[in-house]
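> dropping the sequence and predicted coords here.
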Number of protein chains: 2
Amino acid sequence: MSLALDPAAQDLLFREARTANTFTDEPVTDEQVQAIYDLVKYGPTAFNQSPLRVVLVRSDEARARLVKHMAEGNQPKTSTAPLVAILATDNEFHEELPALLPHFPQAKDAFFSERPVRESAATLNGALQAAYFIVGVRAAGLAAGPMTGFDAAGIEKEFLDGDHSVLMVVNIGKPGEDAWFPRLPRLAYDEVVTTV
Amino acid sequence: MSLALDPAAQDLLFREARTANTFTDEPVTDEQVQAIYDLVKYGPTAFNQSPLRVVLVRSDEARARLVKHMAEGNQPKTSTAPLVAILATDNEFHEELPALLPHFPQAKDAFFSERPVRESAATLNGALQAAYFIVGVRAAGLAAGPMTGFDAAGIEKEFLDGDHSVLMVVNIGKPGEDAWFPRLPRLAYDEVVTTV
């Protein structure tokens, strides 16, 4: 069974794409990030919630502040990646809902007046958008290095105004020397998919 | 700024792909689902956790059981889609970790001995995999209709043995007549991305 997506694109996005741990010095430009966003912004979220927010860490000063909140094993790559992005959710995403869902502006109050409901929805839908973002980084011909090993409260306090939750930190760039380990195994189809 | 991914693939996966609300009668085969899985299984998760589990609802009896747990507005499309998939997380994913992370089998006990930690990790990483799955459905030339409006506890009780949490239900098939509404607006780059 062949897919509609051509094999080169399958390789670029999934089969040959790998999580990179080292990077070349080649910069990642704002124009590249904009092109990534302008592709993956179309990925679906529930009620078009669109809770993902991105902080690009570009200055040396900001990088140093971020690195100290990363788990020790993540510090070298976070220090050396051409670009580091903090992916977070906006737990106040409902403020944008009337603009994002113009045919049903009452969704803001009908479904999202309670903060725990918003946080739960933002986590799920923000994670979907984080995955689209990773796919988009690969679509730009770059390697992504997503990480969840960090002091979340520390990053939120230093980098995120208002009510945000950090989901992951992503190193972005062209893969460098010995950029990855051998591919890890995956679960077989029958271990994941059942039919009723 | 052009992306490395060719424009036809950009359209197939993001720019022209849409959440479908109606479908043709054309079946979605197990071979298609296997091809989707065999592509998107390579998408990255933290520690290669791979917590996503998929239940394909194929029998009329199972479909009827599922539909009654869906929100009223989701019932017609869930009743008529060629294939419906329940996407869930396995909160006991750590049992597979020694096989999935053979160089670091102690991660199972060092990081995931506590159930709340596992549930939180499974939600984030399972949502990443759900997004890869949606992209994979599109890569197969099919439309996805992800839904979060349902009675989660009811679905978990009826369809999921053991400690699983349902993330979403996805209608899958070729788009039918009037399959979608006009594209909703998206946040502008500057509303989502900041630089420090």
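Nice, thanks for sending it over.
> any idea how far B:A71 is from the spatially most distant residue from the centre of chain A?
Going by CA atoms, centre = their mean, the residue of chain A most distant from its centre is A:V196, 33.2 Å out. A:V196 is 21 Å from B:A71, where distance means CB to CB, to the nearest Å. To be clear about C-beta, it is placed using only N, CA and C from the backbone, and glycine gets the same treatment.
> again with A:L167
On the measure of CB to CB, A:L167 and B:A71 end up 26 Å apart.
> now the longest strand along chain A, how far from the chain's geometric center?
Of all the segments assigned as strand in chain A under DSSP state E, the longest by residue count is strand A:164-173. The chain centroid and the centroid of strand A:164-173 are separated by 6 Å, computed with CA atoms, centre = their mean, to the nearest Å.
> by contact count, what packs against it?
helix A:75-80, strand A:83-90, helix A:115-139, strand A:143-147, helix A:152-159 (3 or more CB pairs under 8 Å, 6 or more residues apart in numbering or on different chains; DSSP states H and E).
> try it again with 10 Å
Under the contact criterion of 3 or more CB pairs under 10 Å, 6 or more residues apart in numbering or on different chains; DSSP states H and E, strand A:164-173 touches helix A:30-40, strand A:52-57, helix A:75-80, strand A:83-90, helix A:115-139, strand A:143-147, helix A:152-159, helix B:115-139.
> what about the residue lying closest to A:T45 once chain neighbours are set aside, how many neighbours?
Among residues not flanking A:T45 along the chain, A:N125 sits closest, at 4.1 Å (CB to CB, 6 or more residues apart in numbering or on different chains). For A:N125, the neighbour count with other CB atoms under 10 Å in any protein chain shown is 25.
> so where's chain A uncertain?
A:1 (pLDDT under 70).
> any idea how far the residue nearest in space to the middle of it lies from A:T45?
When CA atoms, centre = their mean is applied to chain A, the residue found nearest the centroid is A:A130 (3.0 Å). Distance from A:A130 to A:T45, counting by CB to CB: 11 Å.
> mutual contacts of the two, please.
Among the neighbours of A:A130, those also in contact with A:T45 (CB atoms under 10 Å, 6 or more residues apart in numbering or on different chains) are A:52, B:131.
> on that earlier part again, could you find the closest non-adjacent residue to the residue nearest to the centre of chain A?
A:L87 (4.9 Å).
> what sits against the one you found?
With CB under 10 Å, 6+ apart, A:L87 has these contacts: A:52-55, A:126-127, A:129-130, A:133-134, A:146, A:166-170.
> tell me the bridge partners for it.
A:V54, A:M168 (DSSP bridges).
> still on that earlier bit, any chance of a markdown table for the helices and strands packed on strand A:164-173, columns distance to A:P182?
Below are these laid out as a markdown table (distance: least, CB to CB, whole Å):
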| stretch | distance to A:P182 |
| --- | --- |
| helix A:30-40 | 27 |
| strand A:52-57 | 30 |
| helix A:75-80 | 18 |
| strand A:83-90 | 25 |
| helix A:115-139 | 19 |
| strand A:143-147 | 16 |
| helix A:152-159 | 30 |
| helix B:115-139 | 21 |
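> dump the longest strand of chain A to PDB, restricted to CA.
Taking Å, rounded to 0.1, in the frame of the first residue of the first chain, the C-alpha atoms of strand A:164-173 are listed here in PDB:
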ATOM      1  CA  HIS A 164       1.500  30.100  30.200                       C
ATOM      2  CA  SER A 165       2.700  26.500  30.600                       C
ATOM      3  CA  VAL A 166       5.900  25.300  28.900                       C
ATOM      4  CA  LEU A 167       5.500  22.100  26.800                       C
ATOM      5  CA  MET A 168       9.000  21.600  25.400                       C
ATOM      6  CA  VAL A 169      12.100  23.300  24.300                       C
ATOM      7  CA  VAL A 170      13.300  22.600  20.800                       C
ATOM      8  CA  ASN A 171      16.800  22.900  19.400                       C
ATOM      9  CA  ILE A 172      16.700  23.800  15.700                       C
ATOM     10  CA  GLY A 173      19.400  23.700  13.000                       C
END
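> nothing else from me, thank you.
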